[in-house]
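A.B. asks: My questions are about this predicted structure, shown below with the sequence.
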Amino acid sequence: MSEKNQEIFVIADGDEGVQLNSGRRLAALGAGFHLPHFDQVSSYLKKLFGKKLAVVSNAENAWFKQELNLDDWEQVDAISMQHVEALADKHNLLYAGFLPFADPKALNYGVKGHMVRPKKIHLANKICFSLGGGEQTFNLGHFVISADWVHLASDKVIKEFIQPQIDFYASLVGKDKLEVVYETKGILPEEIAQKNLKILKRVGLI
């Protein structure tokens, strides 16, 4: 497949309501905002999926609400757009736009999507790790975390980048621990996906 026609990979929040109709989600809480080692992780994702990685912001991003101590969701939406666009500039990513609660919206760079969960309600009861090339199957019951890159990283980076995401998603639904599932399909070789899985188990994240 030529690079011109290749589906674009998109760093997006792992909120269960984020649905990409065009573009493959590489999920990171807050699209990487305020996550330790995002500079390194984004470089690993570029190495795996190409330098033209997009990033999107989304409506009702609870991570921004918490991190910036905001009260109003309209304010959260506006400020998160600004911060994700700045994050894109800083890390040489393509800012594709904002995913609203509405019909699927065509954004920049061939990305299209929207928010599909009910407003102000979280329905997920599991965390799904993508291991072989981003999110393969949308599921409203899953928060999503990209771990496609962990075979390239140190244990320290892996744990410090992923553990805050696990903890935050559990806090959103008021659980001590969420059930963990994973997807191994994708454009990466199966042996890489299985290596990623073994690493997550070894460092105690699964």
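C.D. replies: Thanks, I have the structure now.

A.B. asks: Any idea what the spatially most central residue of the chain is bridged to?
C.D. replies: Computing the C-alpha centroid of the chain and ranking residues by Cα atoms, centre = their mean puts A27 first, at 1.4 Å. With DSSP bridges as the criterion, A27 is bridged to A12.

A.B. asks: For it, give me its contacts.
C.D. replies: Going by Cβ atoms under 8 Å, 6 or more residues apart in numbering, A27 touches I11, A12, D13, G14, V18, S130, G134, E135, V144, I145, S146. Using the backbone N, CA and C atoms, a C-beta is placed for each residue, glycine as well.

A.B. asks: Need the residues that contact whichever strand or helix holds A78.
C.D. replies: Secondary structure assigned from DSSP states H and E places A78 in helix 73-90. Taking Cβ under 8 Å, 6+ apart as the criterion, the residues outside helix 73-90 that touch it are 30-33, 38, 55-61, 64-65, 68, 70, 93-95, 98, 120.

A.B. asks: Now, these that are in strands?
C.D. replies: With strands identified by DSSP state E, the entries of these that belong to them are V55, V56, S57, N58, L94, Y95, F98.

A.B. asks: Bridged to the second one, which residues?
C.D. replies: Same thing as V56. G97.

A.B. asks: ok, how many other residues are close to it?
C.D. replies: Residues within reach of V56, counting by other Cβ atoms under 10 Å, total 28.

A.B. asks: Then the last one?
C.D. replies: Using other Cβ under 10 Å, F98 is surrounded by 20 other residues.

A.B. asks: With H114 instead?
C.D. replies: The burial metric for H114, expressed as a neighbour count using other Cβ under 10 Å, is 20.

A.B. asks: which residues touch the spatially closest residue to it that is not a sequence neighbour?
C.D. replies: The shortest distance from H114 to any residue that is not its chain neighbour, by Cβ to Cβ, 6 or more residues apart in numbering, is 4.8 Å, and that residue is P104. In this structure, P104 makes contact with Q19, N21, K112, G113, H114, judged by Cβ under 8 Å, 6+ apart.

A.B. asks: Relative to I11, how far out is P104?
C.D. replies: 19 Å (Cβ to Cβ, to the nearest Å).

A.B. asks: And for K195?
C.D. replies: K195 sits 22 Å away from I11, going by Cβ to Cβ.

A.B. asks: the more surrounded of those two?
C.D. replies: Set side by side, K195 and I11 show more neighbours around I11, with 28 against 15, by other Cβ under 10 Å.

A.B. asks: That's all I had, so thanks and see you.
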